[in-house]
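Trainee: Curious how this folds, go ahead:
(one chain, ligands or ions: 2)
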Amino acid sequence: MPRVLLIATTTGYQTRAFGEAAEYLGIDLVFATDRCHQLDNPWRDNAVPVRFHDEPQSLAAIEDMAREGPVDGVLAVGDRPALFAALAAAALGVPGHPPGGVRVCGNKLDTRRRLAAAGLPCPPFLELPVDADLEGFLGDVAFPCVVKPLALSGSRGVIRADDPGELRTAVSRVRRLLARGEIRQRRDPSDAQLVVESFIPGREYALEGVLKDGVLHVLALFDKPDPLDGPFFEETIYVTPSGEPDTQRDRIVEAVAEAIRVLGLHHGPVHAECRVNERGVYLLEVAARPIGGLCARALGFRGHGDRVVSLEELLLRHAIGEPVHGYRLEPGASAVMMIPIPRAGTYRRVEGVSAARAVPGVVDVVVTAKPDQRLEPLPEGASYLGFIFTRAAESGDAVRALRQAHDRLHVVIDPPIPVV
Ligand code: ADP
Ligand code: CA
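Mentor: Ligands and ions are numbered 1, 2, ... in the order given. The predicted structure is shown next:
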C-alpha cells in the first residue's frame with residue numbers, strides 16, 4: 001500500500017476530501033497537523049504532532065513516523081503546511097517543491113524581489129517595517145497603492161490607499177491586525193514587515209496546476225468576474241473555463257510558468273493568482289499548494305474512463321508517482337462563490353438555502369459558518385459564510401446562476417455586542 005503524508009494546520013473539509021480519495025485509491029494517508037492549533041483535543045486524529053515554528057523537532061517526528069514504513073509522497077493544504085511539506089519531502093528524500101522556493105512563495109516581499117530581479121512584470125514596491133514611522137516612507141510611495149502583510153492569506157490585511165491619509169489609516173489597521181494574539185502565536189518572523197506596492201489595475205485570474213519535475217501541467221484557469229478594485233479585496237466568484245480568447249489564456253499560462261521557474265518551485269501542486277492589463281501579466285502570488293477552502297469541489301477531471309476524478313484524487317495520484325497529464329477538466333463550465341460576510345456580528349442562520357439550491361445550474365450550497373460564531377468581514381476576518389457551486393454549458397450562465405442563488409439567501413446576523 002503506497003503511503004502519503006498530508007500536512008495541514010488542522011483537520012477539516014480539505015483533509016477529509018483527501019481522506020476519501022485516499023481510501024478509494026488504497027493509499028495509506030498519514031496526517032501531520034500543527035499541535036499549536038489543537039491544544040484542546042490533541043490526539044483525536046492520530047496525526048503526527050508537529051509545530052510549524054519548530055522545524056527541527058517536527059522533522060524528527062516525521063522521520064520517526066517514516067521509520068515505521070516508507071513514505072512515497074508528501075502533500076499539504078495551506079501556506080505554512082506547504083513549507084513544512086517541502087522540508088519533510090527533502091528530509092524523506094521524496095519528490096517535492098524545494099524548501100527555498102516555497103519560502104520565497106510564502107513571503108510577499110521576497111516574491112516581489114525575486115520577480116523584479118528576473119525582470120518579470122512587478123509593481124514598484126517598498127518594505128515597511130511594521131513599527132517604523134510611516135512618515136519617512138511617504139515620499140517613496142506612488143498612489144494608488146496597496147498595503148499588505150507578508151504572510152497572511154485570503155486577502156486578510158490587504159488594503160488599498162489612494163492618498164497619504166488613507167495609507168496612514170490602512171497601515172494602523174494592519175498593525176492592529178498583526179498585533180492580535182491569534183496571529184502572533186504563529187511566531188512568523190515575516191509579520192515584522194509590510195509591503196506597500198503600487199495598485200495594479202486590471203482583471204484577475206487564478207491558475208490551478210501541478211508541476212512534474214519542473215514542468216507545469218495546467219489543471220484549470222479561472223476568471224474572477226467581479227471587479228477587485230478595493231479598498232478591500234474580498235474574493236467572491238471563480239469560474240472556469242476562462243472566457244478569455246486562446247491567445248490571452250496562453251499569455252497568462254506562459255507568465256505563470258515563467259514566475260514558477262523564477263520562484264523556484266519544482267514538483268507538486270501550485271495555485272497562482274495574477275492581474276492582467278495591457279502592460280503585462282502581473283503575478284500576485286504563487287502558492288506551493290492546491291486551491292483552498294471548499295473551492296476544489298468546483299473542479300472535476302476525466303482521465304481515461306467516465307468517472308469524475310476530484311482534485312484531491314488527482315494530487316494523490318501525482319504524489320505516488322502516477323502520470324496525471326492525461327486528466328482534463330470535465331466539459332462545460334463550473335463556478336464557485338465564496339459567500340461574503342456582509343457585516344460583523346454573531347451568525348445565527350441562513351434562510352433561503354432550499355430556494356437557492358432550486359436555481360437551475362446550482363450543484364450545491366454549503367454553509368460553513370456555525371451558529372453563534374462571531375463573524376468578521378475583511379480586511380480583518382479570515383472566513384467565509386459558505387460556498388455556492390454551479391455548473392452550466394457556458395461560464396456566463398454558471399456565474400449568473402451563482403448570483404441568482406446568492407440573491408435568494410438571507411443571512412441572519414445579530415449585531416456585535418458593543419464594547420463598553
Ligand atoms: P492573499 O495572499 O491574502 O490572497 P494577495 O497578494 O493575493 O494576498 O492579495 C489579495 C488580493 O488583493 C488580490 O487577489 C487582489 O485582488 C488584491 N491585490 C493585492 N495586491 C494588489 C495590487 N498590487 N494591485 C491591485 N490589487 C491587488
Ligand atoms: Ca491571493
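Trainee: quick one, what contacts the nearest residue to residue 319 once chain neighbours are set aside?
Mentor: What sits nearest to residue 319 in space, not counting adjacent residues and going by C-beta to C-beta, 6 or more residues apart in numbering, is residue 73, at 3.1 Å. The C-beta positions use only the backbone N, C-alpha and C, and glycine is treated the same way. Counting by C-beta atoms under 8 Å, 6 or more residues apart in numbering, residue 73 makes contact with 2, 4, 5, 89, 94, 95, 96, 316, 318, 319, 320, 321.
Trainee: so which of those residues comes closest to ligand 1?
Mentor: Of all those, residue 96 has the smallest distance to ligand 1: 21.4 Å, by C-beta to the nearest ligand atom.
Trainee: Just the CA atoms of stretch 395-410, as PDB, please.
Mentor: The C-alpha coordinates for stretch 395-410 follow below in PDB (Å, rounded to 0.1, in the frame of the first residue of the first chain):
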ATOM      1  CA  SER A 395     -19.200  30.200 -18.000                       C
ATOM      2  CA  GLY A 396     -21.500  33.200 -18.200                       C
ATOM      3  CA  ASP A 397     -24.500  31.000 -17.200                       C
ATOM      4  CA  ALA A 398     -22.600  29.400 -14.400                       C
ATOM      5  CA  VAL A 399     -21.900  32.900 -13.000                       C
ATOM      6  CA  ARG A 400     -25.500  34.100 -13.400                       C
ATOM      7  CA  ALA A 401     -26.800  31.000 -11.500                       C
ATOM      8  CA  LEU A 402     -24.400  31.900  -8.700                       C
ATOM      9  CA  ARG A 403     -25.600  35.400  -8.400                       C
ATOM     10  CA  GLN A 404     -29.300  34.300  -8.500                       C
ATOM     11  CA  ALA A 405     -28.700  31.700  -5.900                       C
ATOM     12  CA  HIS A 406     -26.900  34.200  -3.700                       C
ATOM     13  CA  ASP A 407     -29.800  36.700  -4.100                       C
ATOM     14  CA  ARG A 408     -32.100  34.100  -2.600                       C
ATOM     15  CA  LEU A 409     -30.000  33.700   0.600                       C
ATOM     16  CA  HIS A 410     -30.900  35.800   3.600                       C
END
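Trainee: which of the residues in it are buried?
Mentor: By 16 or more other C-beta atoms under 10 Å, the buried positions in stretch 395-410 come out as 395, 397-406, 408-409.
Trainee: quick one: which of these is nearest to ligand 1?
Mentor: residue 399 (17.4 Å).
Trainee: so what's that closest one up against?
Mentor: 225, 237, 239, 335, 390.
Trainee: And residue 208, by the same measure?
Mentor: Contact analysis of residue 208 by C-beta under 8 Å, 6+ apart lists 218, 219, 220, 221, 222, 269, 270, 271, 290, 291, 299, 311.
Trainee: Checking my notes, the fourth one in a strand, right?
Mentor: Read that as residue 221. Yes - under DSSP: H, G, I helix; E, B strand; the rest coil, residue 221 sits within a strand.
Trainee: what's around the closest residue to it other than its chain neighbours, how many residues?
Mentor: What sits nearest to residue 221 in space, not counting adjacent residues and going by C-beta to C-beta, 6+ apart, is residue 242, at 4.6 Å. Other residues within reach of residue 242 by the criterion other C-beta atoms under 10 Å amount to 21.
Trainee: And residue 242, what's its pLDDT?
Mentor: Per-residue confidence (pLDDT) for residue 242: 97.
Trainee: contacting residues for residue 330?
Mentor: Taking C-beta under 8 Å, 6+ apart as the test, what residue 330 contacts is 300, 301, 302, 308.
Trainee: So which bits of the worst-scoring helix or strand of the chain on mean pLDDT are buried?
Mentor: Across the helices and strands of the chain, mean confidence by mean pLDDT, DSSP states H and E is lowest for strand 48-50: a mean of 87. For strand 48-50, the buried set under the neighbour-count rule, 16+ other C-beta under 10 Å, comprises 48, 50.
Trainee: so how far is it off the chain centroid?
Mentor: 23 Å (C-alpha atoms, centre = their mean, to the nearest Å).
Trainee: who does that strand touch, helix- and strand-wise?
Mentor: strand 28-34, helix 55-67 (3 or more C-beta pairs under 8 Å, 6 or more residues apart in numbering; DSSP states H and E).
Trainee: 6 Å instead?
Mentor: Applying 3 or more C-beta pairs under 6 Å, 6 or more residues apart in numbering; DSSP states H and E, we find strand 48-50 packed against helix 55-67.
Trainee: Do me a favour and average the pLDDT over the helix it packs on.
Mentor: Helix 55-67 carries an average pLDDT of 92.
Trainee: And for stretch 293-307?
Mentor: 93.
Trainee: Which residues does it contact?
Mentor: For stretch 293-307, the surrounding residues in contact (C-beta atoms under 6 Å, 6 or more residues apart in numbering) are 13, 220, 308-309, 311, 314, 326-328, 330, 334, 336, 387, 389.
Trainee: what about it, near ligand 1?
Mentor: No - using C-beta under 6 Å from any ligand atom, we find that stretch 293-307 stays clear of ligand 1, coming within 11.9 Å at best.
Trainee: Can you tell me the closest non-neighbouring residue to residue 123?
Mentor: For residue 123, ignoring the flanking residues on the chain, the nearest one in space by C-beta to C-beta, 6+ apart is residue 198 at 3.9 Å.
Trainee: So in terms of bridging, what pairs with the one you found?
Mentor: In this entry, residue 198 is beta-bridged to residue 145, by DSSP bridges.
Trainee: tally of neighbours for it?
Mentor: 17.
Trainee: got it, and residue 203?
Mentor: 16.
Trainee: and the gap between it and ligand 1?
Mentor: Residue 203 sits at a distance of 10 Å from ligand 1 (criterion: C-beta to the nearest ligand atom, to the nearest Å).
Trainee: Contacts only, for that residue.
Mentor: residue 276.
Trainee: make it 8 Å
Mentor: By C-beta under 8 Å, 6+ apart, residue 203 lies in contact with 223, 224, 275, 276, 277.
Trainee: Identify, from the residues you listed, the entry nearest to residue 345.
Mentor: residue 224 (26.8 Å; C-beta to C-beta).
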